[in-house]
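Q: need coordinates for the following:
(2 chains)
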Amino acid sequence: MEFYTNALQNVLTLWPIAAMVGATLLGVFIGALPGLNPVMAIALLLPLTYSMDPLVALAMVAGIYNGSMYGGAIPAILLRIPGTPASIATTFDGYPMADKGEAGKALKIACWSSAMGGIASAIALMTVGPLLARVTLYFGPAEYFWIAIFGMASVGVMVGSDPIKGIMAAVLGLLIGTIGIDSLSGQARFTFGQTWLLGGLDLIVVLVGLYALPPVLQLAEKCDLKGLSAAQLKLTNVPFKPGELKGLLPTWLRASSIGIAVGILPGAGGNIAAFLSYNAAKKASEDPGSFGKGNPQGVAAAECGNNADNAASMIPALSLGIPGNVVAALVLSALTIHGLQPGPQLFHQNPVLVGGFMMEMLITSLLIFLLGGTVATRVFAQFQRLPGVLLVPSILILMCVGVYVINGRPVDLWVMLLAGIAGYFLEKVNVPLAPVILGMILGPMAEQSVRRALLISRGDATELLTRPLSATLAMATVLVIAWPLIKVIRDRNRKKREAGHR
Amino acid sequence: MKMKTAFVGLTTVIALSLPAQAEYPERPIELTIPAGAGGGTDTSARKLAILLEEALGTSIAILNVGGGGGSVGASQFMQSKNDGYSLFATWNSPLTTVPQVQNVAYSLDSFTPIASTSETAYTLCVKSVFPAENGQGFLDELASNPGKYTYGNDGIGGTMQLAAERIFQANKIDAIPIPFGGAGETLQNFLGGHVDIYGGSISTVLPYVENGEAKCLLVTSAADVPALPQASGLEALGMADKETLLWRAILGPKDLDPAIVKKLSDVIETAVNDPGYVEFLKTKGEVPNVVKGPDLGARLQAEFDALAEVSKGLGLSQ
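A: This is a model prediction of the structure:
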């Protein structure tokens, strides 16, 4: 306990607090702009902080990271444009809510859920995390393969009304994911001699094109000259039904647990956490049909899930020295700059700094309540009041800038444009877009893991199933896939029985 | 008024009758890094850029061009103007390793070597129960058990793998390479027992050497590494010529003015030896190492030729 009170004393001083407030706002802003992402922002800012007090530098990391995860929800809800890959699942119900005139309510739920997820995750980081970290080492390539397959099984919920089209979309994503250098053989695949394709298509470039361009084109189609009136936005009077908030509690609990579990595993990310949380919320719901049509539970699950990934992803980094994602790697490099050595001894080396960073992850999550709920949401929601003729070109410019700075190469703009055109037509023929992105994320993960596992087992495929953990994960996957079938059979049997009684 | 200023400026230039380069740099420099923001090359280049900005009195804009193990950035950079305002901060792999396994548009001749900045060795480590206690014992155990051990590395055909294979080939060792996304991922799989041998950067595995979980028995540098007392350098094993390091350098486009190269390499040498930068390098397990101009070109060529040999032996070459 002394560990945290000491740390807290150091965190609650002028500069760390100022840094947390500023960075959280900046993070919300970065998250809200399609293309800009927290990794880039932190990578650009961190070198400037080398000479600063490390707690100030880490406060900025915490604020940007947590703020951006929430920020991504703002355009996802208002414009159906996910600000970050992790906020795709937020569009499923967030935009339909906005469409019904409940934008303010959706933003509030997203804000509270993000804060809840972040708080739960920070508490996990401060308590059980370091104990669990060691367990993650048992996850080898075989286990990661099953996690990827498990994630793909959740495609089922986002295929919408036409499963065949959903599966087609997922396969398209898998195909796109194979472009570039195969990391296990070193051979280039589907690059057609183009150097810029060697690294594969950038997930964020495709995401921005696929997701942001079609809604922008649709806005342009409407040729809207007026924009929404303040009354239509209904930002202040959010009608919550009695018991509705209480109803969100189990969703938060579920999504937080999923987000933390995904976060603690190095390599799995917030986007997977959001999809899995959404999936779980839909499965647990008594009215799964209402998901995708503006169910607040969907927004809560997705936003809580992706924020719960954040602090948890620091667990393997801080307790083992293994960064699970780029942000964690940047935090580690910030710590080493200040003379700390990441690894099991880190907690003893400088408890004030490590504890302080954990506190900052917690405090910045709390700040989302404050800043996200009032300042940021109000400011950003005003964008929706801009008439289409202004909104469309502004979004287009922001998209292009965001996409260009990722890799600094103009060709990415063409990729974005192509993806956007593809997205526009796919939507016209009712092909869902989320499975494309999910395929792009999970395809390479599944492929690389299974091939690594087979390299290690010298080609013996049974090893994928004979390890205790891999067997458990495989069974869970089979259950998830078979669940609808089991349900159908059970219903049919029940009907038969009822018919027999008559 | 404007005309007058321009005229005065012009006459000054003529009067001093100096070539434009003498006042180099007179505008911002663009520094291309062939990796995404946040990686090892990126952080060390950004830190160095801050020092160079001060020394050169101009600002340095950083452009991250990731992908293809650095080859995308290198290909893009080779097309920039050789006026000294486009520089390239890279690690050795895109120049000497990647061309062995990929068809790339550039060769070593597409660049003007300016100066190397820092270097570090790779290490090979095993769990504490491994039946060997030093470098020679490690190589003997591997040689007498062909195909038994797996080693994690930073990527197929990457510098780390080639550094290890260079040593393995010389000792007739057959170990199974398992490529991972980076040293962190390799460490995770090594600690979890999914691979037998850790192959990667020293700083990543160091905490586990200190707590006794891992023992590092070999480094890929000729000299021993003080941080890893149990590890043998290649010179001690009689293989000094098999040294392969991870090192970083700054280059320009082809046919860069020698006067600019001279100026930049001197400024870089001073910046790299700045106590703050040396301290920074230490946290990453690197040491300053400045090889300038044509000597750097020779170093690149020698490494390229040696790695071509190794990758041919592995059947990786294009």
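
Q: report the buried residues of the helix or strand harbouring residue A:497.
A: Residue A:497 belongs to helix A:468-501 when elements are defined using DSSP states H and E. Neighbour-count burial for helix A:468-501, with 16 or more other C-beta atoms under 10 Å in any protein chain shown as criterion, is recorded at A:470, A:473, A:474, A:477, A:480. From N, CA and C alone the C-beta is placed, and that goes for glycine too.

Q: do the same with stretch B:42-53
A: Judged by neighbour count (16+ other C-beta under 10 Å), stretch B:42-53 contains these buried residues: B:42, B:43, B:44, B:45, B:46, B:47, B:48, B:49, B:50, B:51, B:52.

Q: show me which of those is closest to residue A:34.
A: The shortest separation between residue A:34 and any of those is 23.3 Å, and it belongs to residue B:42 (by C-beta to C-beta).

Q: state the pLDDT value of that closest one.
A: Turning to residue B:42, the model gives it a pLDDT of 82.

Q: tell me the secondary structure of it, please.
A: When the structure is split into helix, strand and coil by DSSP: H, G, I helix; E, B strand; the rest coil, residue B:42 lands in helix.

Q: quick check: it touching residue B:33?
A: Yes - the pair residue B:42 and residue B:33 passes the contact test of C-beta atoms under 8 Å, sitting 5.4 Å apart.

Q: got any residues that touch both of those two?
A: With contacts defined as C-beta atoms under 8 Å, 6 or more residues apart in numbering or on different chains, the residues adjacent to both residue B:42 and residue B:33 are residue B:64.

Q: list just the nearest of the buried residues of stretch B:42-53 to residue B:222.
A: Compare each of the buried residues of stretch B:42-53 with residue B:222 using C-beta to C-beta and the shortest gap goes to residue B:44, at 22.6 Å.

Q: show me where the stretch 101-250 of chain A has its helices.
A: When assigned using DSSP state H, counting those that start in this stretch, the helices of the stretch 101-250 of chain A occupy the ranges A:103-126, A:129-133, A:141-153, A:155-158, A:163-177, A:203-207, A:213-222, A:230-233, A:244-264.

Q: now swap in the stretch 101-250 of chain B and tell me
A: Counting by DSSP H, counting those that start in this stretch, the segments of the stretch 101-250 of chain B that form helices are B:135-144, B:159-170, B:183-191, B:202-210.

Q: need the ones you listed in JSON lines (columns: mean pLDDT, mean neighbour count and distance to chain A).
A: Putting the helices of the stretch 101-250 of chain B into JSON lines (pLDDT from 0 to 100; neighbours: other C-beta atoms under 10 Å in any protein chain shown; distance: least, C-beta to the nearest C-beta, whole Å) gives the following:
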{"stretch": "helix B:135-144", "mean pLDDT": "94", "mean neighbour count": "18", "distance to chain A": "16"}
{"stretch": "helix B:159-170", "mean pLDDT": "90", "mean neighbour count": "24", "distance to chain A": "9"}
{"stretch": "helix B:183-191", "mean pLDDT": "87", "mean neighbour count": "26", "distance to chain A": "5"}
{"stretch": "helix B:202-210", "mean pLDDT": "86", "mean neighbour count": "22", "distance to chain A": "3"}
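
Q: for residue B:101, find the nearest of these.
A: Ranking the helices of the stretch 101-250 of chain B by their distance to residue B:101 (criterion: C-beta to C-beta) puts helix B:159-170 first, at 9.3 Å.

Q: what's that closest one in contact with?
A: B:91-93, B:96-97, B:100, B:122, B:124, B:139, B:142, B:151, B:153-155, B:173-175, B:177, B:179, B:199-200, B:218, B:220, B:234, B:239, B:242, B:244-246, B:306-307, B:310-311, B:313-314.

Q: could you give the angle of that helix to helix B:135-144?
A: Note on geometry: by axes from the mean of the first three to the mean of the last three C-alpha atoms, to 10 degrees, helix B:159-170 and helix B:135-144 are set 80 degrees apart in direction.

Q: got the CA positions of helix B:159-170 in PDB?
A: What follows is helix B:159-170 as a C-alpha-only set of coordinates in PDB (Å, rounded to 0.1, in the frame of the first residue of the first chain):
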ATOM      1  CA  THR B 159      20.700  -9.700 -39.600                       C
ATOM      2  CA  MET B 160      20.300 -11.600 -36.300                       C
ATOM      3  CA  GLN B 161      19.600 -14.900 -38.100                       C
ATOM      4  CA  LEU B 162      22.500 -14.400 -40.500                       C
ATOM      5  CA  ALA B 163      24.800 -13.500 -37.600                       C
ATOM      6  CA  ALA B 164      23.900 -16.800 -35.900                       C
ATOM      7  CA  GLU B 165      24.100 -18.900 -39.100                       C
ATOM      8  CA  ARG B 166      27.400 -17.400 -39.900                       C
ATOM      9  CA  ILE B 167      28.800 -18.900 -36.700                       C
ATOM     10  CA  PHE B 168      26.700 -22.100 -37.000                       C
ATOM     11  CA  GLN B 169      27.900 -22.800 -40.600                       C
ATOM     12  CA  ALA B 170      31.500 -22.400 -39.500                       C
END
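
Q: ok and that helix relative to helix B:183-191, angle-wise?
A: For helix B:159-170 against helix B:183-191, the angle by the same axes, to 10 degrees is 50 degrees.

Q: chain B contacts on the stretch 401-502 of chain A?
A: Within the stretch 401-502 of chain A, the residues that sit near chain B (C-beta under 8 Å from any C-beta of the partner chain) are A:407, A:408, A:409, A:452, A:455, A:456, A:458.

Q: and with 6 Å instead?
A: Residues of the stretch 401-502 of chain A lying near chain B by C-beta under 6 Å from any C-beta of the partner chain: A:407, A:408, A:409, A:452, A:455, A:456.

Q: list the ones among those that fall in helices.
A: Members of these lying in helices (criterion: DSSP state H): A:407, A:452, A:455, A:456.

Q: for those residues, give me TSV that also has pLDDT.
A: Written out in TSV, the entries for these read as follows (pLDDT from 0 to 100):
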residue	pLDDT
A:407	71
A:452	92
A:455	91
A:456	91
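
Q: in TSV, list the residues you listed along with neighbour count.
A: Putting these into TSV (neighbours: other C-beta atoms under 10 Å in any protein chain shown) gives the following:
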residue	neighbour count
A:407	24
A:452	26
A:455	17
A:456	21
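
Q: closest one to residue A:496 out of those, please.
A: Proximity of those to residue A:496 was ranked by C-beta to C-beta; the top entry is residue A:452 with 47.4 Å.

Q: which residues touch residue 267?
A: In the absence of a named chain, this looks at chain A. Contacts for residue A:267 were tallied using C-beta atoms under 6 Å, 6 or more residues apart in numbering or on different chains; they are residue A:324.

Q: you answered for a different chain; I wanted chain B.
A: Residues in contact with residue B:267, defined by C-beta under 6 Å, 6+ apart, are residue B:55.

Q: any idea which helix or strand comes after the stretch of helix or strand it belongs to?
A: Taking DSSP H and E as the criterion, residue B:267 maps to helix B:258-272. On the C-terminal side of helix B:258-272, the closest following helix or strand by DSSP H and E is helix B:275-283.
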